[in-house]
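Asker: need a 3D model of the sequence below.
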Amino acid sequence: MTMSKLPIIDLFTGWPSYTLLPASRLLEASQRVLRDPDLSASALQYGPDPGCKAIREAIAKWIGDFYSTPWTVPSRICISGGASQGLASILQVFTDPSYTKNIFMIAPTYHLACRVFEDHGFAGRLKAVPEDIEGIDIDYLEKCLSMEEVTNSGKSLEPWKKIYKYVIYTVPTFSNPSGKTMTTHRRRQLVRLARRHDALIIADDVYDQLQWPRKRQHQDVLPRLVDIDHELDDGPGGATADGFGNAISNGSFSKILAPGCRTGWVEGTEKFIYGLSKCGSAVSGGAPSQLTATVIADLLHRGDLTDHMNNYLIPGLERRYRLVMDAIHQYLEPLGARVKGIPPLNQSSKAAGDGGGYFLWIELPSPLTSAEFAVRAMDLAGVSVAQGSLFEVYGDEMSMKCDREIRICFAWEDESLLTEGIQRLRYVISDMLRQH
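Answerer: Have a look, this model is predicted:
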């Protein structure tokens, strides 16, 4: 069998493998909820605007314990239909294309977020902000904001609503696709910058808990931007008179439980969360994912989700990550490829350092381009990878180009095929280098 006839190895799809999903735990929790008359009665009805009380209480305790944030309380949490739906709801309530000037996006960026912004009237107004060693390039962003001509501050239509002048979108921890994690120092700088320019930071905090080695001390966990906004310089009340704050945390159970659950949460100031809960779709139809949210609340209250993450999901992802990193070190680095955005390999043990998330961002050796490489990888070796141009900010001609980078996902494909996938990519790189 020739290389091109081999079964396809999918390193493109950014989903969790079915083998990582806790189907049996979800089944048991669903049965407990539906067999309990009190639980099932509320679970099968329309939910309260901000989401059912049980899951907001469970998330508040769970998140508060993880980040050591006693201020994370149910009134700061609104349930969403996942991070993407949460983003859409935030834009519906807190932006207006006739007032909100631009959307600033970390670059390279999570490409599918671009479509969400465009759907809300911001096509042609997405602006790329590059990364530096600490995360988002704060000097570049400040220069962009300072050059804007809009001088009026937040527009408020109702007492529970505010329209922000700018939106800053970022994935602060294990960013998709770059894998970078923003430093605490840079996070503080970003919050202060957002306050000065009436900007809302939307932080997709979907990978925070997927890190290894598992942090043993709370002080080792980086503070979220929403937590920095709460504490920094006397918090939102001391920085802005309206109390809406300048940073929110957009969370999801898709990466840590199952994407099909379509359940997530947004955390922000109590005033922001109240406003978000008044989104028209929630007022009309109740909180999204009412039934699934009740099932997840059961998993959280019993500690089943934490047990699954600590004893199965995170060890499984770490094992996959190390397989791929070891294979890259052995097969791709000698050809000039390198992984960007994460700590270097421990040269004494040849083992990967701290890692997390789902993805690796790989720079190909010069003069190879990722667009050609992605095609050749599929045609010659039967391996699908994501070419770098996918992660450029839509419509911004000044966006950084990712001509030499590819993204691979180690969470989706069968674990037994990951090393072989990297071996096949070695063949493609070698073949392309010979032709240049």
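
Asker: what does the model give residue 77 for pLDDT?
Answerer: pLDDT recorded at residue 77 is 98.

Asker: surely it touches residue 264?
Answerer: No: with contact defined as CB atoms under 8 Å, residue 77 does not reach residue 264; the gap is 10.5 Å. The way it works is simple: take the backbone N, C-alpha and C, and place the C-beta from them, glycine included.

Asker: point out where the protein drops to low pLDDT.
Answerer: 1-4, 149-160, 214-219, 237-241, 343-353 (pLDDT under 70).

Asker: tell me which other helices or strands the longest helix anywhere in it touches.
Answerer: Using DSSP state H, we find that the single longest helix of the chain is helix 418-434. Secondary-structure packing of helix 418-434 (3 or more CB pairs under 8 Å, 6 or more residues apart in numbering; DSSP states H and E): strand 9-10, helix 314-327, helix 370-381, strand 383-384.

Asker: which stretch among these is buried most, on average?
Answerer: Of all the helices and strands packed on helix 418-434, strand 383-384 carries the top mean neighbour count, a mean of 23, counting by mean count of other CB atoms under 10 Å.

Asker: mind listing what it pairs with, with the direction of each?
Answerer: strand 9-10 (parallel) (DSSP bridges).

Asker: chain center to the partner strand: distance?
Answerer: 22 Å (CA atoms, centre = their mean, to the nearest Å).

Asker: closest to residue 414 out of the helices and strands packed on helix 418-434?
Answerer: Nearest to residue 414 among the helices and strands packed on helix 418-434 is strand 9-10; the distance by CB to CB comes to 8.4 Å.

Asker: send the alpha carbons of whichever helix or strand comes after that closest one over as PDB?
Answerer: Sequence order places helix 23-35 as the next helix or strand after strand 9-10, per DSSP states H and E. In PDB, the C-alpha atoms belonging to helix 23-35 read as follows (Å, rounded to 0.1, in the frame of the first residue of the first chain):
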ATOM      1  CA  ALA A  23     -21.100   8.800  28.200                       C
ATOM      2  CA  SER A  24     -21.800   6.600  31.100                       C
ATOM      3  CA  ARG A  25     -21.700   9.400  33.600                       C
ATOM      4  CA  LEU A  26     -24.000  11.500  31.500                       C
ATOM      5  CA  LEU A  27     -26.400   8.600  31.300                       C
ATOM      6  CA  GLU A  28     -26.500   8.100  35.000                       C
ATOM      7  CA  ALA A  29     -26.900  11.800  35.700                       C
ATOM      8  CA  SER A  30     -29.700  12.000  33.200                       C
ATOM      9  CA  GLN A  31     -31.500   9.100  34.800                       C
ATOM     10  CA  ARG A  32     -31.200  10.600  38.300                       C
ATOM     11  CA  VAL A  33     -32.600  14.000  37.100                       C
ATOM     12  CA  LEU A  34     -35.500  12.500  35.100                       C
ATOM     13  CA  ARG A  35     -36.500  10.000  37.800                       C
END
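
Asker: and helix 23-35, how far out from the chain middle?
Answerer: Per CA atoms, centre = their mean, the displacement of helix 23-35 from the mean C-alpha position of its chain is 27 Å.

Asker: now do stretch 24-41
Answerer: Distance, centroid of stretch 24-41 to centroid of chain: 29 Å (CA atoms, centre = their mean).

Asker: quick one: neighbours of the residue lying closest to residue 165 once chain neighbours are set aside, just the number.
Answerer: Ranked by CB to CB, 6 or more residues apart in numbering and with sequence neighbours excluded, the top spatial neighbour of residue 165 is residue 198, at 4.1 Å. Applying other CB atoms under 10 Å, we find 22 other residues in the vicinity of residue 198.

Asker: contact partners of the longest helix of the chain?
Answerer: 3, 6, 9, 11, 320, 323-324, 326-328, 331-332, 335, 337, 364-365, 368, 372-373, 376-377, 380-383, 385, 408, 410, 413 (CB atoms under 8 Å, 6 or more residues apart in numbering).

Asker: buried stuff in that helix?
Answerer: 418-429, 432 (16 or more other CB atoms under 10 Å).

Asker: over to stretch 98-107?
Answerer: Judged by neighbour count (16+ other CB under 10 Å), stretch 98-107 contains these buried residues: 100-107.

Asker: swap in stretch 12-30?
Answerer: For stretch 12-30, by 16+ other CB under 10 Å, it's 12, 14-17, 20-22, 25-26, 28-30.
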